[in-house]
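Novice: 3D, please:
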Amino acid sequence: MRAKFFLAFLAWAVCQFYCRPAAADGDGVDVVLHLSSQSAITFTSSQSSFNLTLSDFAAGSVSDTAQIAYSVTANDVGRIQDNVMVRMDVLMDGIALETRMDSFSSRGTQAHLVSKGSGFVTLNTFDQGVADKVTDQGDGKIVDGDMILSYHARAMADLAAGQHEATVTVTFVDN
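Specialist: Here you go, the predicted model:
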């Protein structure tokens with residue numbers, strides 16, 4: 001028993017002198033670290049064009065629907081309304097192009113996007129908002145996910161046979 005006590009005392013004594021963390025004598029100096037994280041946006045689409053077909057030429061006819069997938073990753077989204085804007089470069093005579101946001105699948109970030117309404121928005125040559133941001137946690141500045149926009153055309157007048165073309169611009173706006 002004495003041997004065990006002696007070995008325990010010896011281990012304690014050794015640790016008191018050799019197992020102590022190093023300590024420096026003198027004055028310390030604090031240095032402040034400043035770290036910047038740059039603002040970033042990545043906004044992409046799954047395709048660069050799509051086709052719509054009106055099966056009837058009469059006014060009021062509606063084309064088939066095209067669903068286009070978009071992916072967004074942004075880390076400085078302060079804006080809460082009209083985060084997704086859509087416009088056309090030209091209007092098509094007798095045809096209204098309409099869009100709506102169908103879904104947003106978040107990748108577990110601070111915020112997600114929601115449709116501005118339940119119906120389709122008729123596009124014009126100026127930006128029109130189709131989606132707003134909703135904060136889920138924190139300051140809500142990080143949006144990361146996939147979005148589906150649906151498009152269809154509506155005949156506003158009886159249409160002659162022919163091809164129509166326009167460029168649709170979709171923009172993600174952070175601030």
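
Novice: Next, work out how far apart residue 104 and residue 113 are.
Specialist: Distance, residue 104 to residue 113, using C-beta to C-beta, to the nearest Å: 4 Å. The C-beta positions use only the backbone N, C-alpha and C, and glycine is treated the same way.

Novice: So between these two, which is more surrounded?
Specialist: Just comparing residue 104 and residue 113: by other C-beta atoms under 10 Å the higher neighbour count belongs to residue 113, 24 against 20.

Novice: List the contacts of that one.
Specialist: Residues near residue 113 by C-beta atoms under 8 Å, 6 or more residues apart in numbering: 72, 83-84, 101, 104, 131-134, 143, 145, 147.

Novice: Helix or strand: which one has it?
Specialist: Applying DSSP states H and E as the criterion places residue 113 in strand 111-115.

Novice: what's the offset of that strand from the middle of its chain?
Specialist: Centroid separation for strand 111-115 versus its chain: 8 Å, with C-alpha atoms, centre = their mean, to the nearest Å.

Novice: who touches both of residue 104 and residue 113?
Specialist: 131, 145, 147.

Novice: What are the phi and psi values at the last one?
Specialist: Residue 147 has phi and psi values of phi -130, psi 140 when expressed as degrees, to the nearest 10.

Novice: so who does it touch?
Specialist: Counting by C-beta under 8 Å, 6+ apart, residue 147 touches 69-72, 84, 101, 103-105, 113, 131.

Novice: Nearest to residue 39 among these?
Specialist: The shortest gap between residue 39 and any of those belongs to residue 72, at 13.8 Å (C-beta to C-beta).

Novice: Is the closest one part of a helix or strand, or is it coil?
Specialist: Per DSSP: H, G, I helix; E, B strand; the rest coil, the secondary structure class of residue 72 is strand.

Novice: Quick one: residues contacting it.
Specialist: 41-43, 113, 143-147, 172.

Novice: so what's it bridging to?
Specialist: residue 43, residue 145 (DSSP bridges).

Novice: where are the low-confidence patches of the chain?
Specialist: For the chain, applying pLDDT under 70 flags the ranges 1-24.

Novice: all strands of it, in order?
Specialist: Remark: strands assigned in the chain by DSSP state E are 41-45, 66-74, 84-88, 95-106, 111-115, 121-122, 128-135, 143-155, 168-172.

Novice: Please produce CSV containing those, extended by distance to residue 27.
Specialist: Below are these laid out as CSV (distance: least, C-beta to C-beta, whole Å):
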stretch, distance to residue 27
strand 41-45, 46
strand 66-74, 45
strand 84-88, 56
strand 95-106, 50
strand 111-115, 46
strand 121-122, 66
strand 128-135, 45
strand 143-155, 46
strand 168-172, 52
